[in-house]
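Visitor: Based on what follows, work out the 3D shape:
(one chain, ligands or ions: 1)
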Amino acid sequence: MEKRWTQDNLTSLQSNILAEERNHPGATGEFSWILSAISLATKAIGNKVRCARIQDVIGDVGEKNIQGEVQQKLDVIANEIILRCLGDRENIGILASEENENPFLLRSRAEGGKYAVLFDPLDGSSNIDSSVGVGTIFSVLRLQDGGSREQAMLQPGTEQVAAGYVLYGSSTVLVLTTGNGVDMFVLDQSIGSFVLVSKKLTIPHGNKTYSINEAYTINFSDGVQQYLEWAHQNEYSSRYIGSMVADVHRILLKGGVFLYPPTTINPDGKLRLMYEANPMAMIIEQAGGMAVAEGVRILEIKPEGLHQRTSVVLGSSDQVEAVLAHYS
Ligand code: AFP
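Guide: I've put the predicted structure just below:
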């Protein structure tokens with residue numbers, strides 16, 4: 001090969017997806033069309049996040065969302081950006097947001113609506129005033145034929161065809177799985193593209209770090225309390241950001257375990273199965289880790305409602321097993 005004059009990373013999200021599609025002879029390219037909309041939307045959201053305090057994007061809007069949580073301006077902005085960017089992609093039949101009670105039914109199967117995209121537009125948004133990392137989480141399902149379109153979305157996480165998140169942190173990072181390992185991209189601001197920085201990530205083992213809101217300890221089950229006591233006696237370290245995307249990203253790269261168990265306030269757990277737990281569980285499993293809820297594999301939970309909550313224990317398999325060893 002001739003001498004190269006540039007060392008720049010030029011493998012973009014788009015070119016990586018197209019290359020992967022070439023390995024699947026039946027691929028139509030439609031899927032890359034969805035991911036390009038997600039890429040566009042998250043660049044626009046990241047831009048708004050980075051304008052906090054420069055533009056009027058901080059603070060709450062004085063209303064609660066379907067989850068009963070106070071909506072931040074950036075929640076509403078991020079939601080709108082995703083709906084606008086994904087809404088006109090012809091192969092998306094349904095868009096469902098953690099922020100909206102009902103999904104947006106865009107196109108029937110007959111009209112070409114093959115996929116449903118579920119998303120949490122801005123996870124961790126209560127941290128936004130203090131410039132803590134926040135993120136967008138997404139999950140893509142192929143819509144089943146027959147039944148109501150909403151019912152067609154109530155599929156277990158094992159049926160996800162893709163899942164990912166974008167972390168708006170010290171850099172903007174996109175983590176994606178299409179069921180063939182986990183790839184990581186970083187937004188190169190200078191060229192406006194997500195470029196590939198790691199392929200086939202595997203979650204490390206042996207990191208004695210747990211991530212949990214320990215202030216709720218007296219509300220946790222005996223099993224979780226016993227695990228925490230055991231961890232205190234076994235030289236564990238604690239890291240908790242309070243933004244799931246940031247906590248899970250750290251665990252994906254460094255290992256450890258993330259827990260959000262049932263509490264008295266949230267007896268079924270706080271996190272949403274379809275918008276948060278399933279996509280994160282797919283990523284963690286694809287990276288060689290484990291994701292469970294009360295001993296059951298999260299991806300196998302049959303959802304009964306779009307906004308259903310679940311408890312979550314996920315991370316390196318050795319660390320998840322250490323937690324499970326304390327459940328009776
Ligand atoms: P917000 O989006 O309201 O900030 O909630 C973030 C979140 O859903 C998830 O990202 C965190 O892991 C979890 O809640 C933190 O909850 P606690 O504040 O109860 O620890």
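Visitor: Next, count neighbours for the residue of the stretch 51-200 of the chain found nearest the ligand.
Guide: Nearest residue of the stretch 51-200 of the chain to the ligand (CB to the nearest ligand atom) works out as residue 126 at 3.4 Å. Yep, even glycine has a C-beta here, placed from its N, CA and C like the rest. Neighbours of residue 126 under the rule other CB atoms under 10 Å: 17.
Visitor: so what's it up against?
Guide: 69-70, 72, 242 (CB atoms under 8 Å, 6 or more residues apart in numbering).
Visitor: Next, residue 81: secondary structure please.
Guide: Residue 81 carries the three-state label helix when classified by DSSP: H, G, I helix; E, B strand; the rest coil.
Visitor: So for the longest helix along the chain, what gets flagged as buried?
Guide: In the chain, assigned by DSSP state H, the helix with the most residues is helix 30-49. Across helix 30-49, burial judged by 16 or more other CB atoms under 10 Å covers 31-32, 34-35, 37-39, 41-46, 48-49.
Visitor: do the same with stretch 293-302
Guide: For stretch 293-302, by 16+ other CB under 10 Å, it's 293-294, 298-299, 301.
Visitor: Walking through the stretch 201-328 of the chain, point out its strands one by one.
Guide: For the stretch 201-328 of the chain, the strands defined by DSSP state E, counting those that start in this stretch occupy 209-211, 237-238, 257-260, 271-272, 290-293, 296-297, 309-310, 312-315.
Visitor: residues from the chain in reach of the ligand?
Guide: 69, 123-127, 213, 242-244, 270-271 (CB under 6 Å from any ligand atom).
Visitor: 8 Å instead?
Guide: 69, 72, 75, 120, 122-127, 134, 213, 215-216, 240-245, 247, 258, 260, 266, 270-272, 276 (CB under 8 Å from any ligand atom).
Visitor: could you pull out the helices for the protein?
Guide: Going by DSSP H, the chain shows helices at 13-22, 30-49, 73-87, 149-153, 222-233, 244-254, 278-286, 317-324.
Visitor: any residues touching the shortest one, and which ones?
Guide: So the one you mean is helix 149-153. Taking CB under 8 Å, 6+ apart as the rule, helix 149-153 contacts 93-94, 96, 102-103, 105, 108, 116, 118, 141, 143-146, 274, 306.
Visitor: Could the C-alpha coordinates of that helix be exported in CSV?
Guide: C-alpha atoms of helix 149-153 as CSV (Å, rounded to 0.1, in the frame of the first residue of the first chain):
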residue,chain,number,x,y,z
ARG,A,149,-49.8,-3.0,17.2
GLU,A,150,-49.3,-2.2,20.9
GLN,A,151,-49.6,-5.9,21.8
ALA,A,152,-47.1,-6.6,19.0
MET,A,153,-44.5,-4.7,21.0
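Visitor: Who are the contact partners of the residue nearest the centre of the chain?
Guide: Taking CA atoms, centre = their mean, the centroid of the chain lies closest to residue 137, which sits 3.3 Å from it. By CB under 8 Å, 6+ apart, the contact list for residue 137 reads 119-120, 123, 164-165, 244-245, 275-276, 279-280.
Visitor: so can I have a markdown table of the residues you listed showing neighbour count?
Guide: Converted to a markdown table, those look like this (neighbours: other CB atoms under 10 Å):
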| residue | neighbour count |
| --- | --- |
| 119 | 30 |
| 120 | 28 |
| 123 | 28 |
| 164 | 26 |
| 165 | 27 |
| 244 | 25 |
| 245 | 26 |
| 275 | 25 |
| 276 | 26 |
| 279 | 26 |
| 280 | 31 |
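Visitor: mean confidence for stretch 116-125?
Guide: Taken as a whole, stretch 116-125 has a mean pLDDT of 95.
Visitor: Show residues contacting the longest helix of the chain.
Guide: 13-14, 17-18, 21, 55, 57, 74, 77-78, 81-82, 84-86, 89, 91-92, 114-115, 117, 121-122, 128, 134, 136, 138, 140, 161-162, 164, 166, 168, 172, 174, 176, 178, 187, 192, 194.
Visitor: sorry, back to before: deepest in the core, which of the strands of the stretch 201-328 of the chain is it.
Guide: strand 312-315 (a mean of 28; mean count of other CB atoms under 10 Å).
Visitor: so what strands line up beside that one?
Guide: Using DSSP bridges, strand 312-315 pairs in its sheet with strand 257-260 (antiparallel), strand 290-293 (antiparallel).
Visitor: Dump the last one to CSV, restricted to CA.
Guide: Right, strand 290-293. C-alpha atoms of strand 290-293 as CSV (Å, rounded to 0.1, in the frame of the first residue of the first chain):
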residue,chain,number,x,y,z
MET,A,290,-25.2,-11.3,33.1
ALA,A,291,-28.4,-9.3,33.8
VAL,A,292,-31.1,-10.7,36.2
ALA,A,293,-34.1,-9.5,38.1
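Visitor: What are the contacting residues of that strand?
Guide: Contacts for strand 290-293 (CB under 8 Å, 6+ apart): 269, 277, 280-281, 284-285, 297-299, 301, 310-317, 320-321, 324.
Visitor: from the middle of its chain, how far away would it be?
Guide: Put simply, strand 290-293 sits 15 Å off its chain's centre (CA atoms, centre = their mean, to the nearest Å).
Visitor: again, but for stretch 54-66
Guide: Worked out by CA atoms, centre = their mean, stretch 54-66 lies 22 Å from the chain centre.
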